[in-house]
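Visitor: below: sequence and its predicted model.
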Amino acid sequence: MRQILLTALIAFVAAIAGVLIGRALIPPRPTPSAELHTLLHHHLDLDATQQAKLDGLEANFTARRAALEAELRADNVRLAAAIEAEHGDGPQVTAAVDRSHQAMGQLQKATLSHIFAMRQILRPDQAAKFDAAVTHALTADAR
């Protein structure tokens, strides 16, 4: 019994060490939104006016996104309650799913509006780089 426990402990420690080493050697891929953020703040050489406008846009969007994400979390709670009540695909579940899809759509539309608003503050040479980054972000998972 003691040998089995010792073997299990060694295997567990080796597995944890493997995960930690793997995470250290293979960094995670940056998210498309992080790439877009990096491009805007570090590679487009925004002037002071552009930066001030961008800061305002980001502050407004952060608040809007937080509200929509809170709505999505509330929709998940309603969906869980509907599933608990119906234990199947009943009318309450369907309504909760539909409501959740509406909130997801609102978040996607707000995100696109934010992207278009950011693009409006860019010069044509900056906008071309921004457009390429947006296209890359939207198609990264398709590749």
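Guide: Nice, thanks for sending it over.
Visitor: check which helix or strand residue 66 maps to.
Guide: Per DSSP states H and E: residue 66 is located in helix 48-86.
Visitor: which secondary structure elements does that helix contact?
Guide: Other helices and strands packing on helix 48-86, by 3 or more Cβ pairs under 8 Å, 6 or more residues apart in numbering; DSSP states H and E, are helix 91-120. C-beta: built from backbone N, CA, C; applies to glycine.
Visitor: next, the angle from the helix it packs on to helix 48-86.
Guide: 170 degrees (axes from the mean of the first three to the mean of the last three Cα atoms, to 10 degrees).
Visitor: in helix 91-120, what counts as buried?
Guide: 92-93, 96-97, 99-100, 103, 107, 110, 114-115, 117-118 (16 or more other Cβ atoms under 10 Å).
Visitor: who's in contact with stretch 17-30?
Guide: With contact meaning Cβ atoms under 8 Å, 6 or more residues apart in numbering, stretch 17-30 is reached by residue 38.
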